[in-house]
Structures are given as C-alpha cells and as structure tokens.
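Chemist: Just to be clear, the model below is a prediction. Sequence and coordinates:
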Amino acid sequence: MATSVYLARSILNSFEAMFADFQNITLGAKARFEQADWQAVHDAQKTRLEIYKSKTLQLNDLLKTLAGSQLRDLALWQQAKQYYRELIKHHINYEIAESFFNSTFCSIFEHHNINNDLAFVLSSKMAADPSLDFPIYRTYHTHQNINKLIRDIIAEFEFNVDYENLDRDIRTATVIAVKAITPKIKGDMVNIRVDVLKPVFYRNKGAYLVGRIFNDDTPPLPFVIPIINKPGQGLCIDTLIFEPDEVSIIFSFTRWYFMVDSQVPSQIVSFLHGLIPSKPISELYSCIGFRKHAKTQFFRDFLDNIEHSNDQLIIAPGIKGMVMTVFTLPSLDIVFKLIKDKFAPPKQVTREIVKQKYRLVTHHDRVGRMADTQEFKHFRIPKSLFTQELLDELYQVAPSLLQEKGSDIIIKHLYIERRMTPLNIYLSTATDDEIWQVMDEYGNAIKQLAAANIFPGDMLLKNFGVTRHGRVVFYDYDEICFITECNFRKIPEPQTPEQEMASTPWYSVDDFDIFPEEFGLFFAGNRKARKAFDQLHADLYTPEYWLSLQRNIEQGQIMDVFPYRRNRRFSH
C-alpha cells in the first residue's frame, strides 16, 4: 500500500509542478505583448508545448526509482488510482489532474491496459465544482451609455503601453456596438448586463477581451474586443466582434493556442462554452493550451456518442489519399486518419517522416489555415461500429495498425481532426459566386501559410477543406516543409525542338525545387476555379512572389494574422 501512496503523491506533485511551469510561461504573455516581442511570443508558445511531455518523462524516472520492479504491476496502479482519486477529490483542477495521471499510466504501459480501473477513462466526477474563490469576470451595466461602458471596460485592463488614440477608438467602437446590440437585445435597454472575463487572451500580436451582453429577456450575446500593439505608436482597439460565428472563428481549431491566465481552466471553458455552445468542450480546452486534457475530453465524448447513436464508421467522402486512409462517424464532426503501410509512387516519404510532419504542425503557428490534430495510440473501437466496407479497406491498406481483441478493434496509431468538406467536393456544387469566394480563400490560405514559413507541398484541391464558416483550411501534411527550405525557380526556356516537345522535364530538378508556373495543374480541369484563381492570385505563379516571402522570413519578419476579416478592422 505504501508504494501506491507514494506513486499517487508523486504524480500529483508532478502535476502541480507542470501546471505551475505552464502558468509561469503564460503569465509572461502580457509583457511580451507590451514589448511587441513577437519572436519571444512564438518561442514561448513552443516552450509551453513541451512542458507536459518533459514533466511526464521526469516523473517516469522518479517512479522507476520509487517502485522498482513493481512499476508495471497492475494491482499497484489500481490502488494508486484509488488513492489519487481521493487526493484530487476537492482539487480545483481535478479534471486536468486526471488527464495527467492518464498520461503517466500510458507512458509507463505504452498505451496498453487502459481501462477505468487503472486510469481515468471516465471522469471521477460529473462536472467541475464551481469555485467561489476565483471569480473570473467583472460585471457592468450600460444604463444606455455604450460609450462609457466601453471606456470603463478598457480602463480595467491596464497595459504598460499608452493607447495611440483611445478617444478615437472608443468613438468608433461605440458606433459598431450600438448597431450590433440594438437589434439583438430585447426588452429594456437600461437593464443590460455585461460580463467581461478578467483574464486577457493573448495570441500572436493580439490581446483579446472576451465577454457577454444580456438582460432578462435576451440570451447572452458574445463579444470580443481585440487590442493590438503598433510598435512606436501605441495600442489600438482593432475591432469589435459580436457575431457568434465570428467569435467561434477566433477560438478556431485552425489556430495556435491562447495564452490566458487560467487558475481554474474549467471556469474559462464553461464561460466560453456559454458563448459558443456549438464548439466542443475538448476544443475549448485545447484552444487555451490544455491539449492533453482536450484529448481525454474528446475520448469521453466519443464513448458517449457511440453509446447513444446508431450510425457506423464509414470511409470519408472524397478522393482517397496516397499516404493516409480516412474514415468518419457521421454523427461526430471529426475524421480518423491512419498512415498506410505502403505508399504508391511517386510518394517517397516514410511513416516516421509523416509523423514528424504532424508534430511540426502541432508546434507551428497554424495562422487559421491548418487543422489541429490529436494523436492516439491503441485506440479501442467496437468492431460492430465499422461498416464491412471500411474494415476491408483498413485491412487492405493498413493491416499493421489493426489488432482484434474480443469484440473490439484496436488501432495502434491514428490522428483525429475536425471534419471539413474537401475543397474539390465543395466546388462540384458551388455557384459562381461561391466559386469566386472560395478560390479567394484558397489563395489567401496558401499566402498566409507561406508568410508563416509553411509550404504545403501538395496543393491539390482535395488536400484543402472548407469549414462551416466558409474558410479554406489545409489538412494534408505529409509533404509540408518550410518556405526557407524551398528553391523557387522559373522553368528554363527550351533550347531545342526536342526539349520543347519532351513529356518529362529536360532540365535538372532537385528535391526542394519548386516551379510556381506549374501550380495551375492543381486545378485538375476545373476551369471556373482556375479562372477565378488566375484573376485573384496570379502572383502565386511567379517565383518572385515566393522569393520575396523568403527574404522577409529570413529577416525575422513575423506576419500580421488576425482571426477576423480585414474589413472588420477599424481604420487607424
């Protein structure tokens, strides 16, 4: 019994240390924003992502010393879980502490033997306890004076940088707020209540104030006030966002994680979920940096879904990939992706290279244009959930990843992403206006990825998806690389008739040579899409465009990327 007690206490101590280190890096976000140190912002994000793994590895070494040969004794872990459950019973962050225990167990047992007797597959509680010790928002009342309300809100958030012209910004924000609020708030405008979260959400070059507006007759209306720091000029209110869909995009699965001072993350998540109830709880934990608990929450949601739905897993619609096989559950807005055992020519990557590409995406700024993924090992699914067509497909292309155990299929390695409509499928039924808009989005996606030093590699339309908000997002990562690794070239002029008529390149082509003139081939006969793209983004066909980007990146320039449309920004 003593060993199991030491085990449980050691895991909880390591969790507390991990959480403290996570918070310490997060708390530095305000200073980095004030100093406009954008490179430090990126460095801190990457450092914070490594904390969890680092603490788990350190803990493993400690547990080996504590338990010795008993470390892989399942009875010991069953006792340790019971004691740990008692230790965290009244812990304000018990749910994240559960996930940390799970991570430790999975690391020791290499993702085998996972069940609720040994790990927290299911939560030990029904819901997080609300903590009165950590009030997370301030409340205001408008009394019909929107200008004063905005000024009062801004005054509560002190920065060590002056505003460029706060009066100007508040006047502009007031006009926007009145237009947005008046048609949506029913009843007495005098009794409008406004709640604003105390923590500021920091990401990239922005600081975001998040709140809700309502009265007795109206459900909460979300709002976000983005603030930017213009070096040498001062702070500006950049815009005011009220539309729920636009607020949802700010917390999108396609963006890097917010730095937000969250002593009790569950409270932040609960507040956000009240504003954007369509967004899964797991994504909200992920968007504030708690990716491992997001993974736990997703798996619990998955178990709940398959218990209460009757649909089956099917092959995902669209053109089958050469590297990944993809399937989905219609009642869940996600896809499952497995790396195939063998890749058809001309693919030359390996399974390990593909994994490295996915890790790169996790650690890189996704600028709203790459889908976040969760990686699972030994993922157990009831065999009855698979259609026969899907099982046949999986056993044909990835048999090494499958294991049957009792009535379940265990998938040894997979990725999970949000489901989107493949761009080629979207275009097949799109109107002329929709084609124009989505091809503009497609070009913008490529440009924003490039400015963030990401070259997609394979820019076929099938490798991009369209979200429910109409945004185009890249999701096929097996050929991505850094822009700075690429050699952008112009195709040489042929010198002889034989060269001009040759079916294969008559000039040398190295691994990282890129010929932008060939990008039009990615449209695969879709003339309307090609015409729209040519008019909107013809600059992408020129090596000069890409070489200019390379120079900017090599000079340390970090792009401006904000999670709302350019036309939403105030003109400063």
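Modeler: That came through, no problem.
Chemist: Next, the distance between the ends of stretch 278-296.
Modeler: 19 Å (Cα to Cα, to the nearest Å).
Chemist: what is the mean pLDDT for it?
Modeler: What stretch 278-296 shows for mean pLDDT is 95.
Chemist: for stretch 44-58, same thing?
Modeler: Averaged over stretch 44-58, pLDDT sits at 95.
Chemist: For it, buried residues please.
Modeler: Across stretch 44-58, burial judged by 16 or more other Cβ atoms under 10 Å covers 44-45, 48-49, 51-52, 55-56. For the C-beta atoms, the positions are set from N, CA and C on the backbone; glycine is no exception.
Chemist: next one: stretch 466-474
Modeler: 466-467, 471-474.
Chemist: Likewise for stretch 213-230?
Modeler: 213-215, 220-229.
Chemist: would you list the buried residues of stretch 466-474 in a markdown table and tack on distance to Ile249?
Modeler: Compiled in a markdown table, the buried residues of stretch 466-474 are given as follows (distance: Cβ to Cβ, whole Å):
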| residue | distance to Ile249 |
| --- | --- |
| Val466 | 13 |
| Thr467 | 8 |
| Arg471 | 7 |
| Val472 | 13 |
| Val473 | 11 |
| Phe474 | 16 |
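Chemist: Adding pLDDT and distance to Tyr358, write the residues you listed out as JSON lines.
Modeler: Shown next, in JSON lines, are the buried residues of stretch 466-474 (pLDDT from 0 to 100; distance: Cβ to Cβ, whole Å):
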{"residue": "Val466", "pLDDT": "97", "distance to Tyr358": "21"}
{"residue": "Thr467", "pLDDT": "95", "distance to Tyr358": "20"}
{"residue": "Arg471", "pLDDT": "95", "distance to Tyr358": "21"}
{"residue": "Val472", "pLDDT": "97", "distance to Tyr358": "20"}
{"residue": "Val473", "pLDDT": "97", "distance to Tyr358": "15"}
{"residue": "Phe474", "pLDDT": "96", "distance to Tyr358": "13"}
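Chemist: and of those, the nearest to Asp534?
Modeler: Asp534 lies nearest to Val472 out of the buried residues of stretch 466-474, by Cβ to Cβ, at 16.9 Å.
Chemist: Tyr442 is in contact with that closest one, correct?
Modeler: Yes - here Val472 reaches Tyr442: they are 4.8 Å apart, a contact under Cβ atoms under 8 Å.
Chemist: tell me, what's touching the two both at once?
Modeler: Listed as contacting both Val472 and Tyr442 by Cβ atoms under 8 Å, 6 or more residues apart in numbering are 423, 464.
Chemist: Report all helices and strands that the strand or helix carrying Asp301 contacts.
Modeler: In the assignment (DSSP states H and E), Asp301 maps to helix 291-308. Contacts defined by 3 or more Cβ pairs under 8 Å, 6 or more residues apart in numbering; DSSP states H and E place helix 291-308 against helix 38-67, helix 94-109, helix 281-287, strand 374-382.
Chemist: those helices in the stretch 401-550 of the chain, which residues are they?
Modeler: Using DSSP state H, counting those that start in this stretch, the helices of the stretch 401-550 of the chain run over 423-429, 432-451, 497-501, 527-537, 543-554.
Chemist: which of the buried residues of stretch 213-230 has the weakest pLDDT?
Modeler: Among the buried residues of stretch 213-230, Asn215 carries the weakest pLDDT, at 82.
Chemist: Mean pLDDT for the helices of the stretch 401-550 of the chain - can I get that in TSV?
Modeler: Converted to TSV, the helices of the stretch 401-550 of the chain look like this (pLDDT from 0 to 100):
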stretch	mean pLDDT
helix 423-429	95
helix 432-451	95
helix 497-501	69
helix 527-537	93
helix 543-554	94
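Chemist: Would you convert those into JSON lines that also reports mean neighbour count and distance to Phe15?
Modeler: As requested, those are exported to JSON lines (neighbours: other Cβ atoms under 10 Å; distance: least, Cβ to Cβ, whole Å):
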{"stretch": "helix 423-429", "mean neighbour count": "17", "distance to Phe15": "42"}
{"stretch": "helix 432-451", "mean neighbour count": "19", "distance to Phe15": "36"}
{"stretch": "helix 497-501", "mean neighbour count": "10", "distance to Phe15": "65"}
{"stretch": "helix 527-537", "mean neighbour count": "16", "distance to Phe15": "48"}
{"stretch": "helix 543-554", "mean neighbour count": "16", "distance to Phe15": "38"}
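Chemist: could you redo these as TSV and give each row distance to Lys355?
Modeler: Formatted as TSV, the helices of the stretch 401-550 of the chain follow (distance: least, Cβ to Cβ, whole Å):
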stretch	distance to Lys355
helix 423-429	25
helix 432-451	20
helix 497-501	40
helix 527-537	32
helix 543-554	25
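Chemist: mind checking which of the ones you listed is nearest Ile237?
Modeler: With Cβ to Cβ, the closest approach to Ile237 among those belongs to helix 432-451: 23.3 Å.
Chemist: angle of that closest one against helix 543-554?
Modeler: Taking axes from the mean of the first three to the mean of the last three Cα atoms, to 10 degrees, one finds helix 432-451 and helix 543-554 inclined to each other by 50 degrees.
Chemist: and helix 432-451, what other elements does it pack with?
Modeler: Helix 432-451 makes packing contacts with helix 423-429, strand 464-466, strand 472-474, helix 527-537, helix 543-554 when contacts are defined by 3+ Cβ pairs under 8 Å, 6+ apart.
Chemist: partners of the following helix or strand past the helix holding Asp301 in the sheet?
Modeler: Toward the C-terminus, helix 291-308 is succeeded by strand 314-315 as the next helix or strand (DSSP H and E). Partners of strand 314-315 in the sheet, by DSSP bridges, are strand 324-328 (antiparallel).
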